[in-house]
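Student: structural data only, the sequence is not supplied:
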């Protein structure tokens, strides 16, 4: 289930690029392609090995419940987390965002803890109590961050381009790139500058995942995948590459 849901989550950013491309909105493609790349790494690591598949799926599930419980604790005004967040946000616009008087937060936290205590998560829970890595893929000595995860999957080049370089868009640090070089002109909203590059990156993400899944689980379909690529995908890629005047 975790792998199937993560695959659906992975397809959303690629679909988002398709929608934005029709509107000529190139800059908004960047952060969602970056998200798509991070989802790709998570999914590939989860499915990387037969002997680790079940434990990694369970670790992903367990971390979901951990995060849900942490959020629920902030909604409890009597918990340490609840007191802390209220003290930090007192007087701010969303200071009451964690107040939910109509919910039985105590029961919700107990239910989440009950999920985490189930026998299916026994090994995960024991390892988490020892190492407490920040991310689920850090369990059992796994990669400690997204860069190391990319290295584990031989995608450091992708990381440098799709994640590190594009992180400026996600962190609000790329506004000056709106200025055209040599001109005192600002790129408008929904500017198509750079759109072919964004579309190619989205296509490559989709093609890489298709090849990974076929090679990993149904290698007998590799020839069929290659044939479908030539018929259904390559003409679209060639069309994108033929677009001129939109370098960005």
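Tutor: Done, it's in. This one's a predicted model, so the numbers in the text were calculated from it and none came from an experiment.

Student: before we move on, what SS does the residue nearest to the spatial centre of the chain have?
Tutor: The centroid of the chain falls nearest to residue 39 when counting by CA atoms, centre = their mean (3.5 Å). Following DSSP: H, G, I helix; E, B strand; the rest coil, we place residue 39 in the helix state.

Student: ok, now which ones touch it?
Tutor: 6, 9, 10, 13 (CB atoms under 8 Å, 6 or more residues apart in numbering). C-beta here means a position set from N, CA and C on the backbone, and glycine is covered the same way.

Student: cool, and residue 136?
Tutor: Contact analysis of residue 136 by CB under 8 Å, 6+ apart lists 56, 59, 60, 62, 63.

Student: okay, the first one and residue 17: tell me how far apart.
Tutor: Right, residue 56. Distance of residue 56 to residue 17, computed by CB to CB, to the nearest Å: 27 Å.

Student: do the same with the fourth one
Tutor: For residue 62, the distance to residue 17 (CB to CB) stands at 31 Å.

Student: got it, and the third one?
Tutor: Distance check for residue 60 against residue 17: by CB to CB, it reads 25 Å.

Student: quick check: mean pLDDT of stretch 218-232?
Tutor: Per-residue pLDDT over stretch 218-232 has a mean of 97.

Student: and stretch 199-209, by the same measure?
Tutor: Average pLDDT, stretch 199-209: 93.

Student: how about that stretch: buried residues?
Tutor: Of the residues in stretch 199-209, those with enough neighbours to count as buried (16 or more other CB atoms under 10 Å) are 199, 201, 202, 203, 205, 206, 209.

Student: show me what it is in contact with.
Tutor: 10-11, 13-14, 17-18, 21, 29, 33, 36-37, 40, 43-44, 162, 229, 233, 236-237, 240-241.

Student: so where's this structure uncertain?
Tutor: Along the chain, the parts satisfying pLDDT under 70 run over 248.

Student: all helices for it, in order.
Tutor: Listed in chain order, the helices of the chain (DSSP state H) span residues 2-22, 29-46, 53-74, 80-89, 105-116, 122-131, 146-152, 156-158, 167-170, 195-217, 222-228, 234-242.

Student: mind listing what's buried along the third one?
Tutor: Spelled out, it's helix 53-74. Quick answer for helix 53-74 (16+ other CB under 10 Å): 55-63, 65-66, 68-69, 72-74.

Student: sorry, back to before: out of the helices of the chain, flag the one nearest residue 99.
Tutor: Within the helices of the chain, the stretch nearest residue 99 is helix 80-89; the backing value is 8.5 Å (CB to CB).

Student: so residue 198 touches residue 34, yeah?
Tutor: No - Residue 198 is beyond contact range of residue 34, at 10.8 Å (criterion: CB atoms under 8 Å).

Student: tell me which of those two has more neighbours.
Tutor: residue 198 (24 against 21; other CB atoms under 10 Å).
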